[in-house]
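Here is a sequence with its predicted model. Questions after.
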Amino acid sequence: MRGLKQLLFPTACPICGSLKDQAYTEEYGLCRNCAEKYLNKKQILIMPAFVPDAVAAICPAFYGEGLRDAMRRFKFSGETYIGECFGTMIYKAICAGCKDLDFDIVTCVPLSEERFAERGFNQSEEVAKRVAKLACIPFAQTLTRNMQGRSQSSLLTEERQEKKGLFDILPSINIRNKSILLTDDIITTGSTLAECSRILKEAGASSVAVAAVAGGRKEFI
Ligand SMILES: [Zn+2]
């Protein structure tokens with residue numbers, strides 16, 4: 001129903017579906033109520049300690065109940081317009097707080113082949129492509145996921161700490177001296193983005209900034 005509403009009224013809030021306050025919705029990608037409830041106080045951290053190889057971490061929103069529900073609808077009910085709104089939120093956070101950052105390529109954390117086959121799309125890629133489109137920067141796949149068929153939620157805690165070997169650079173891609181914006185859907189510990197950033201830097205990227213729509217890390221709140 002919200003998906004239909006979004007088709008008819010493209011400025012509807014992706015979280016609550018509200019059509020009120022369209023100017024605010026266009027400015028932040030959320031309605032006034034949801035913006036007040038979910039937007040992080042700090043949306044950008046420079047040299048974030050939890051992603052040591054990244055120059056910046058961008059995370060516009062707090063991962064609270066309504067946003068969690070919107071994320072679920074995006075990932076599992078095919079409401080892909082929500083991904084576009086999420087991409088808009090990241091783009092606006094960059095524009096508002098990080099004008100010095102300049103990117104050559106937007107890329108994303110890859111999904112396992114099994115998850116991709118199940119879902120039909122990679123949520124992080126949808127968000128990344130929206131950011132790329134708004135910023136007029138090319139999107140490119142740069143990474144591949146090695147471990148098959150295990151989502152992060154199914155991993156044991158100890159394994160979450162150890163992401164080494166989970167990702168590789170795609171052999172066909174050349175990112176030497178390129179500045180990269182790497183996106184994911186949410187930041188939990190940051191270990192996935194940290195490992196992917198490490199690999200991108202190792203493959204010759206001049207800089208990596210990471211972005212996720214939402215997260216619960218206290219540094220942003
Ligand atoms: Zn709302």
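Noted; the coordinates are in hand.

Show me the strands in this structure, by range?
Counting by DSSP state E, the chain has strands at residues 44-46, 56-58, 61-62, 105-108, 143-145, 167-169, 179-187, 207-215.

just so I know, which of these lies nearest the ion?
For those, proximity to the ion was assessed by Cβ to the ion; strand 61-62 is nearest, at 11.5 Å. C-betas here are computed from N, CA, C, even on glycine.

Burial check on the closest residue to G165 other than its chain neighbours, number of neighbours?
Distance criterion Cβ to Cβ, 6 or more residues apart in numbering; nearest residue to G165, sequence neighbours excluded, is N146 at 6.3 Å. Residue crowding around N146 was assessed by other Cβ atoms under 10 Å; the count is 11.

likewise R72?
Quick note: R72 (other Cβ under 10 Å) scores 12 neighbours.

measure it to the ion for me?
Distance from R72 to the ion, counting by Cβ to the ion, to the nearest Å: 16 Å.

mind checking pLDDT for that residue?
According to the prediction, R72 has pLDDT 93.

Using CSV, lay out the strands of the chain together with mean pLDDT, mean neighbour count and distance to M89.
Output for those, formatted as CSV (pLDDT from 0 to 100; neighbours: other Cβ atoms under 10 Å; distance: least, Cβ to Cβ, whole Å):
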stretch, mean pLDDT, mean neighbour count, distance to M89
strand 44-46, 93, 18, 12
strand 56-58, 96, 26, 10
strand 61-62, 96, 24, 6
strand 105-108, 98, 26, 15
strand 143-145, 95, 19, 23
strand 167-169, 95, 17, 25
strand 179-187, 96, 24, 11
strand 207-215, 96, 26, 6
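
can I get these in TSV with distance to Y38?
Formatted as TSV, these follow (distance: least, Cβ to Cβ, whole Å):
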stretch	distance to Y38
strand 44-46	16
strand 56-58	15
strand 61-62	5
strand 105-108	22
strand 143-145	28
strand 167-169	29
strand 179-187	13
strand 207-215	8
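
Can you verify my assumption that I221 contacts Q43?
No. In this structure, I221 is not within contact of Q43 by Cβ atoms under 8 Å, at 10.7 Å.

So which of these two has more stuff around it?
For I221 and Q43, the more surrounded residue by other Cβ under 10 Å is Q43, and the numbers stand at 21 against 11.

Isn't S207 up against V55?
Yes. Counting by Cβ under 8 Å, S207 does reach V55; the two are 4.9 Å apart.

do the longest helix belonging to the chain and the ion meet at all?
With secondary structure taken from DSSP state H, the chain has its longest helix at helix 81-97. No. Helix 81-97 stays clear of the ion (Cβ under 5 Å from the ion), getting no nearer than 10.2 Å.
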